[in-house]
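Trainee: 3D, please:
(2 chains)
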Amino acid sequence: MSILVFAEHDNRSLKTETLKTVAAAQAIGGDITLLVAGRNCQDVAEQAAKTNGISKVLVADNPIYEHQLAENISLLVAELASDYEHILATALSTGKNFMPRVAALLDVTQISDIIAVETSDTFIRPIYAGNAIATVKSLDNKKVITVRTTGFDAVATDGNAEVVAIDTVADAGTSSHVSDELTVSERPDLGAASVIISGGRGMQNGDNFKLLDGIADKLGAAIGASRAAVDAGFVPNDMQVGQTGKIVAPDLYIAVGISGAIQHLAGMKDSKIIVAINKDPEAPIFQVADYGLEADLFDALPELESKL
Amino acid sequence: MKILVPIKRVIDYNVKVRVQADQSNVDLNNVKMAINPFCEIAVEEAIRLKEAGTATEVIAVSIGTKACQEQLRTALALGADRAIQIETDESLDALNIAKLLQKVVEEEQPQLVILGKQSIDSDNNQTGQMLGALTGMPQGTFASEVKVEGDKVNVTREVDGGLQTIALNLPAIITTDLRLNEPRYASLPNIMKAKRKPLAVKPASEFGIDLSPRTTLLKVTPPAERQAGIMVKSIDELVEKLKNEAKVIS
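Mentor: Below is the predicted model:
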């Protein structure tokens, strides 16, 4: 069997989540090819070539792929698809955006957000915000799949795969990029961080999120937030951890002033160790926490920072 | 401009989901159902575009049993002008849903189709994008801002690192994210008025599409329960446990 894996990147570096999607491809089993589509993305192609367990990297380097617009990328991937039985992308914003178009162009349905592979046609995925786990068999001849990275461990990067340039130009001509407004941060991405500290409604306002900064600096952590904190306007939406935000599974997750609504738990309950700091002893977050501390966060956070 | 808004009837987001004992699916007997929250945002956005004079007609469409007429009436009460129910007893895969919607698009010729980015039951996040591919329309998914300007629509999207703005030629597909708007509540007079608005019913079988299933649901199980841990008394104890017991910090 042959498997095509779409590489997530920003034209400069390969997103490490791609290595987990390759692990999912290995679990399916077969000859794995990575596709790097972008503009001036040779650095990404070189990094991608080091991925273990793949046989080839295809590079489509063209201005029309710069912003990975769904209309163009889906045409490209659908055109390449004839050579592969499985087509995988990471369930991040790029993959989630274009992959269903690929599926529709190939006249197959998509299996979204898999967290485990049973066989080459049967997959496990969460439904109802992770409150139920479905085992789904695909009846289509081609499998178009997005992979939730929390289910797989990244493959190593000491390989040396062949890099092949392809000149397929797929331009739908119906969409264009206007601007990006990206959050600039020295901290790791939520998706890649091994430690995350998140604040909820209990933080009371956006300014108080600064109380998390010092702790995040000491732990090398990313900072997240609950939907309640985002809805209240404390912090931007790209910090949201939860069913409709980012799904994370770091080694250590510290929830501060977060009550633990189902929607939030859906985004972080696969973390290895969960710490909850909340002044309400009845908060549901304590039911999933490995270590709970009933305390006022305005006392606890400065003390925690000083003792790390 | 006409706007088409496909909506889905789902379990109310406040209801705790339970898996059936035979593991065939989740138990939806006697649970409260509602319009999918992201679909509600889609309805609201369409109505706002009509109120702003950009749109002239808002059409809500839903695919399902007669029960989904309840959600279509909700959309009408919120301000949609008319509704279409595509009747089927089957639980259809996203691709088949998109194919039925493609037929509605061909008939109605909307300039915008606004959908929720995902439904909170199957969590697929597929239908809008698939409809885009089938109709050849461009898409602005996970939208937090929509601005129609001439023959284009600018969509600001929630992406992993922040926000991205793209320009799409009309007609186009939009899928909504949470921050696009805050849906209104339907007023009692509008709920009464909605009962008289037109609601057409068309059997799915009359669309001439092969709707055979593309997936089989083999089983549904509850997620692994996470055991509650211990309560610590102080920050000192917490730091000690994280260092020496959990070994996640050094």
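Trainee: please give the element, helix or strand, for B:V61.
Mentor: Counting by DSSP states H and E, the element that carries B:V61 is strand B:57-64.
Trainee: check whether that strand contacts chain A.
Mentor: No - using Cβ under 8 Å from any Cβ of the partner chain, we find that strand B:57-64 stays clear of chain A, coming within 14.9 Å at best. Where you see a C-beta, it was placed from the backbone N, CA and C, and this is true even at glycine.
Trainee: can you give me the mean pLDDT across that strand?
Mentor: Mean pLDDT, strand B:57-64: 98.
Trainee: by contact count, what packs against it?
Mentor: On a contact count with 3 or more Cβ pairs under 8 Å, 6 or more residues apart in numbering or on different chains; DSSP states H and E, strand B:57-64 meets strand B:2-7, helix B:37-51, helix B:69-78, strand B:82-87, helix B:94-108.
Trainee: apply 6 Å and report the result again.
Mentor: strand B:2-7, helix B:69-78, strand B:82-87, helix B:94-108 (3 or more Cβ pairs under 6 Å, 6 or more residues apart in numbering or on different chains; DSSP states H and E).
Trainee: wasn't B:K243 part of a helix?
Mentor: Yes - counting by DSSP: H, G, I helix; E, B strand; the rest coil, B:K243 falls inside a helix.
Trainee: give the contact list for it.
Mentor: Counting by Cβ atoms under 6 Å, 6 or more residues apart in numbering or on different chains, B:K243 touches B:I249.
Trainee: how near is it to A:S198?
Mentor: 21 Å (Cβ to Cβ, to the nearest Å).
Trainee: could you do A:A276 as well?
Mentor: From A:A276 to A:S198 the distance is 10 Å (Cβ to Cβ).
Trainee: mutual contacts of the two, please.
Mentor: Both A:A276 and A:S198 are in contact with A:A255, where contact means Cβ under 6 Å, 6+ apart.
Trainee: more neighbours, the two?
Mentor: Neighbours per residue (other Cβ atoms under 10 Å in any protein chain shown) separate A:A276 from A:S198, with A:S198 holding more: 30 against 27.
Trainee: how close does the more buried one get to A:L265?
Mentor: 12 Å.
Trainee: please apply the same query to A:G30.
Mentor: Going from A:G30 to A:L265 by Cβ to Cβ gives 35 Å.
Trainee: go on, A:I87?
Mentor: Using Cβ to Cβ, one gets 31 Å for the distance from A:I87 to A:L265.
Trainee: the more surrounded of those two?
Mentor: Between A:I87 and A:L265, counted using other Cβ under 10 Å, A:I87 has the larger neighbour count: 27 against 24.
Trainee: wait, what's in contact with that one?
Mentor: By Cβ under 6 Å, 6+ apart, the contact list for A:I87 reads A:4, A:81, A:144.
Trainee: can you tell me the SS state at the second one?
Mentor: Think A:A81. helix.
Trainee: that one: how many residues sit nearby?
Mentor: A:A81, neighbours per other Cβ under 10 Å, totals 19.
Trainee: swap in the one 10 residues further on?
Mentor: Using other Cβ under 10 Å, A:A91 has 26 neighbouring residues.
Trainee: helix, strand or coil for the closest residue to it other than its chain neighbours?
Mentor: In space, and not counting its chain neighbours, A:A91 is closest to A:T146: 4.2 Å by Cβ to Cβ, 6 or more residues apart in numbering or on different chains. Under three-state DSSP, A:T146 falls in the strand class.
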